[in-house]
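[1] Kindly return the folded structure for what I paste below:
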Amino acid sequence: MANEIQLPQEQAFQVADGFAQLSARILDYRVTHREALSSPERASLEEAEDHLDHLVVLFRSYGIRLIGAGAADAAAEITAAISRAKATIEKVDKIKKAISTAAAIVDLAVAVFAKDPKAVLAAAKAIKGDQA
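    This next block holds a predicted model:
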């Protein structure tokens, strides 16, 4: 199909089904009226059937390729969404760590102002633990 017609997948399958039905009707006519048809007429009808069957294969193949392209696009979108989600989770984790560190610094400042050596030591350990 060098100059391929651009159809949505649904239409491609509808066209293929239409050709398949037409081919089946020609076959039915050819078999039902075989006695009344001349040899060239039977050959011509059989050739038309073959041509229609070929078109059925082409249009179904085209529809399948569209489905495949759609699946590939969907997979790419999912991969991109996963990457964005991972980046967001990393940012949230950094923010949580920053908030935890800030809270530990506030605890240290309170302990220093309270002149409580045990609280200063505990707050300093908490800050060091947040940095790990």
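[2] shaky segments in this protein?
    1-7, 130-132 (pLDDT under 70).
[3] What segments of the chain are helices?
    For the chain, helices defined by DSSP state H occupy the ranges 9-32, 39-114, 117-131.
[4] most packed of those helices?
    The highest mean neighbour count among those, using mean count of other CB atoms under 10 Å, belongs to helix 9-32: a mean of 15. (Glycine included, C-beta is placed from N, CA and C.)
[5] what comes into contact with it?
    Helix 9-32 is contacted from outside by 7, 37, 42, 45-46, 48-49, 52-53, 55-56, 58-60, 62-63, 66-67, 70, using CB atoms under 8 Å, 6 or more residues apart in numbering.
[6] again, only using 10 Å
    Here helix 9-32 makes contact (CB atoms under 10 Å, 6 or more residues apart in numbering) with 5-8, 37, 41-70.
[7] Check stretch 73-82 too.
    Counting by CB under 10 Å, 6+ apart, no residue sits against stretch 73-82.
[8] Stretch 100-112 now?
    Stretch 100-112 is contacted from outside by 116-131, using CB under 10 Å, 6+ apart.
[9] And those residues, which is closest to residue 93?
    residue 130 (12.3 Å; CB to CB).
[10] Just want the most central residue of the protein.
    Using CA atoms, centre = their mean, the residue of the chain that lies closest to the mean C-alpha position is residue 74, 1.6 Å off.
[11] could you measure that one against residue 60, distance?
    Look at residue 74 and residue 60: by CB to CB, to the nearest Å, they are 21 Å apart.
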